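In: next comes the sequence, and after it the predicted model I'd like to discuss.
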Amino acid sequence: MMSESEKFYGNDTGPGRGTNVFLTGGTGFLGDLLIRKYLERTDCSLWVLSRPMGGATAEERILDRFNPRDHHRIRVIAGDLGCAFDEGDDDSKLPSGFIDIDTKESYESFLDMLKVVDEVFHNASYLGLRKDLRAREKCISVNIQGTRRLLSLVGSFKQKLKALFYTSTAFVHGNISGPGKFGEDTSTTNGWLNPYEESKWKAEELIRNAGYPYRIFRPGMIAREPGADILSSHTIYGVADILQSGCRSYRAGQYNGPIHLRVKGTLDAAHNIILRSELVDMILDIRDSGHTMNHTYNTLNTTNTLLDDVLYSIVHNLNPEITYEFVPDIDQGRDLNHIEVLMDRLVYPLYQGYLFKKSPEFRMDNVVAALGKEYIRERITKIDRALMVELMKDYFEAKNNG
């Protein structure tokens, strides 16, 4: 049976650009840069979901990031997509708990938003990489139920929605790998490595089946630009932290010489890294390109960075020097040094699906089709070993100076 949104929208998706944008995840890793780019590259008014935290109001957490001259284009809505969700809720009604109405001004802003918003960028998510109950519950609450709540809210909008953008992840393919096994629009998958991958895939399904015009972006591992604030999260910097911590602890013991590691993996293992700025520019360029709606973009870097490049860049900036070699598995029959123990216990359970997986080469096909090969060659950064060294150099300097 056709949904009400499908009856309403049909095949008329329009240009895929609105004038009033509702954005979630505005305080996250991509969120503030997305807002900045919307302000720079469009004339849109922005309605940003936020919540109070650490003594700061919802408005302060958003507006303090931007020049006061742009504040008139940003309206902050106090709320949280990750509220407890009752499966018995009637999705035709405004989901209870979605919006925190603490003041008359907040309530009036919310009503104003419902009248004018015609574009949505859903960027809020929880990065739960551990295979435990807490991570799974949080992923379900924020990534799946939060998306369900968002779609229910969209049904309350008074304007016809021109586009629903969603930031997913390139790792929704789980254990499937290899060219031809998982395409841009593959409809089913299984064997996820962690709750995050599974929840993002299920959120994608909710969006694809809602009947609204959508674009889904699947980035790989995202790195900050050289010179930007460091990121303390599950990215390449997490591996750098483990190695640095292990190195210091090892040096504090009786051993003072060079350190040699035997690392799980192979020389051709891929680490799908893309710079945050390039990802956001790519998303906005696709938004402006007029490319067809209802499409999924695996927005990876055009050249997959090898794990060898990542490790080289990290150890190149550590003192004392660390050397490494790749082995299919660490020989548990021999004595492991302190860093190998940390890597084995802390890094591999989190990163095995990200660090040690060959990546299909075809995932950029639809991005190339949308933007053109010349654009790709001129604008998309190739993250090579030299740039990785620069990223790690700035990272360690920022930590040491902090």
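Out: Looks like it came in fine.

In: buried residues in stretch 123-131?
Out: The neighbour-count check on stretch 123-131 (16 or more other Cβ atoms under 10 Å) flags N123, A124, S125, Y126, L127, G128, L129 as buried. Heads up, the C-betas are built off the backbone N, CA and C, glycines and all.

In: just to check, the last one is in contact with Y196?
Out: To tie it back to what came earlier, the one meant is L129. Yes - between L129 and Y196 a contact is recorded at 5.6 Å, counting by Cβ atoms under 8 Å.

In: could I get the pLDDT score of L231?
Out: For L231, the pLDDT comes out at 54.

In: same question for the one 10 residues further on.
Out: As summarised for this prediction, D241 has a pLDDT of 84.

In: sec struct for it, please.
Out: Following DSSP: H, G, I helix; E, B strand; the rest coil, the label given to D241 is helix.

In: if I look at it, how far off is E225?
Out: With distances taken as Cβ to Cβ, to the nearest Å, D241 is found 19 Å from E225.

In: likewise K37?
Out: Plainly put, K37 is 14 Å away from E225 if you go by Cβ to Cβ.

In: likewise A170?
Out: 20 Å.

In: looking at the two, which is more packed in?
Out: A170 (23 against 15; other Cβ atoms under 10 Å).

In: how many neighbours does V315 have?
Out: 21.

In: just R148 next, same as before
Out: Using other Cβ under 10 Å: R148 sits among 19 other residues.

In: helix or strand: which one has it?
Out: helix 146-154 (DSSP states H and E).

In: ok, R248 next?
Out: Using DSSP H and E, R248 falls in helix 236-252.

In: that helix packs against which elements?
Out: Under the contact criterion of 3 or more Cβ pairs under 8 Å, 6 or more residues apart in numbering; DSSP states H and E, helix 236-252 touches helix 307-316, helix 338-342, helix 348-355, helix 385-401.

In: of those helices, flag the one that's most buried.
Out: helix 307-316 (a mean of 21; mean count of other Cβ atoms under 10 Å).

In: next structured bit after that helix?
Out: Assigned by DSSP H and E, the successor of helix 307-316 is strand 322-327.

In: tell me how far that following strand lies from the chain's centre.
Out: 29 Å (Cα atoms, centre = their mean, to the nearest Å).

In: kindly report the same for stretch 331-348.
Out: 29 Å.

In: now the strands for this structure?
Out: Counting by DSSP state E, the chain has strands at residues 20-23, 45-50, 74-78, 119-122, 163-167, 214-217, 221-223, 259-264, 270-271, 273-275, 295-297, 305-306, 322-327.

In: among these, which is nearest F396?
Out: strand 322-327 (13.0 Å; Cβ to Cβ).

In: hang on, the earlier thing: can you add mean pLDDT and distance to G220 and give the helices and strands packed on helix 236-252 back as JSON lines?
Out: Compiled in JSON lines, these are given as follows (pLDDT from 0 to 100; distance: least, Cβ to Cβ, whole Å):
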{"stretch": "helix 307-316", "mean pLDDT": "89", "distance to G220": "12"}
{"stretch": "helix 338-342", "mean pLDDT": "79", "distance to G220": "25"}
{"stretch": "helix 348-355", "mean pLDDT": "62", "distance to G220": "8"}
{"stretch": "helix 385-401", "mean pLDDT": "87", "distance to G220": "14"}
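
In: I259: which of those helices is closest?
Out: helix 338-342 (6.4 Å).

In: what helices or strands is that closest one leaning on?
Out: Packed next to helix 338-342, using 3+ Cβ pairs under 8 Å, 6+ apart, are helix 236-252, strand 259-264.

In: how about the spatially closest residue to E119 that is not a sequence neighbour, what does it touch?
Out: For E119, ignoring the flanking residues on the chain, the nearest one in space by Cβ to Cβ, 6 or more residues apart in numbering is G18 at 2.9 Å. Each residue near G18 by Cβ atoms under 8 Å, 6 or more residues apart in numbering is listed here: C44, V117, D118, E119, Q159, L161, K162, A163.

In: go ahead and confirm the last one touches R17.
Out: What it means is A163. Yes - with contacts defined as Cβ under 8 Å, A163 counts as touching R17 at a distance of 6.5 Å.

In: neighbour count for the two, which is higher?
Out: Applying other Cβ under 10 Å to A163 and R17 shows that A163 carries more neighbours, namely 21 against 15.

In: how much space is there between the more buried one and P213?
Out: A163 is 6 Å from P213, by Cβ to Cβ.
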